[in-house]
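>>> Whatever this is, show me its structure:
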Amino acid sequence: MNDQTPPPASPQMAERLAVNRTGRLTARQRRLALLVGGAAALFLLCPLTLLIQLGAVLLVGDAPIPTVTGVVLAALGVLFLLIFVGLIGVNAWTFLPEAFMRQPVRYACGPLEVRVTPGHRPELPFSYLIGDYSFAPYVAPDDVPMRVGAPYIVYYAARSRLLLSLAALDAPDAAQWEPAFTHEE
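Model (predicted):
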């Protein structure tokens, strides 16, 4: 093996690749999607509870006479609820269906490119690009050497676009990580 040939996939990465190449999530990846989506759905119960309480107060007829201060506070409360539902609801909308999709995995193949982020952004100075999929450098797995220009295959979650597994296509074990499914739209 020369210096340019990457090592075969680590045992942990090989486990993920073996499942992801079939278009499915590993049990751990599915649990993560359920946990994130379920926690977001539970957090959505907070604004729902507030709206039910507000509706109950209005229906019972014990609502106080509206004042300018009360209207402003109510408008701010509604704005807060909308922002809260928007921020938390996106996670529930993204992750929960992904845990139950028939084929929640997508893939991209191609040479690894580095795209420098325009402007001064110390939190994300550059991102990796493989085909039409990009990911941050802090997301790259530690057990896969990232070599610019080398061919890779990356498996990622269809809705959330989280990186699931990654393999070098010029590694000795590359043939076994080719996808066993086609993209569905």
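>>> Run a quick neighbour tally on Leu51.
Around Leu51 there are 13 other residues, counting by other Cβ atoms under 10 Å. For the C-beta atoms, the positions are set from N, CA and C on the backbone; glycine is no exception.
>>> cool, Ile65 as well?
Around Ile65 there are 5 residues (other Cβ under 10 Å).
>>> Kindly report the same for Leu25.
A total of 24 residues lie near Leu25 under the criterion other Cβ under 10 Å.
>>> and it, what does it touch?
19, 33, 98-99, 104-105, 157, 164 (Cβ atoms under 8 Å, 6 or more residues apart in numbering).
>>> Can you list which of the residues you listed are found in strands?
Among these, the members falling in strands (DSSP state E) are 105, 157, 164.
>>> Highest neighbour count among these?
Most crowded among those, counting by other Cβ under 10 Å, is Val105 at 24 neighbours.
>>> ok, what's across the strand from it?
Applying DSSP bridges to Val105 gives these bridge partners: Ala157.
>>> Show the model's pLDDT score for it.
Here, the pLDDT recorded for Val105 equals 96.
>>> Isn't it up against Tyr156?
Yes. Counting by Cβ atoms under 8 Å, Val105 touches Tyr156, with 7.3 Å between them.
>>> anything in contact with each of the two?
Residues touching both Val105 and Tyr156 (Cβ under 8 Å, 6+ apart) are Leu164.
>>> Gly77 sits in which helix or strand?
Secondary structure from DSSP states H and E places Gly77 in helix 68-100.
>>> Any idea how far that helix is from the middle of the chain?
Helix 68-100 sits 20 Å away from the centroid of its parent chain (Cα atoms, centre = their mean, to the nearest Å).
>>> if we can go back for a sec, would you reformat the ones in strands among the contacts of Leu25 as TSV and include distance to Ala92?
Formatted as TSV, the ones in strands among the contacts of Leu25 follow (distance: Cβ to Cβ, whole Å):
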residue	distance to Ala92
Val105	20
Ala157	15
Leu164	20
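>>> Low-confidence stretches in the chain?
Across the chain, the ranges flagged by pLDDT under 70 are 1-3, 63, 184-185.
>>> Can you list the residue ranges for strands in it?
Using DSSP E, strands in the chain cover 105-116, 126-130, 133-135, 151-157, 163-168.
>>> which other helices and strands contact the fourth one?
When contacts are defined as 3 or more Cβ pairs under 8 Å, 6 or more residues apart in numbering; DSSP states H and E, strand 151-157 packs onto helix 11-20, strand 105-116, strand 126-130, strand 133-135, strand 163-168.
>>> Identify the residues contacting the fourth one?
Contacts with strand 133-135, where a contact means Cβ under 8 Å, 6+ apart, come from 106, 108, 115, 127-128, 154, 156, 161, 163.
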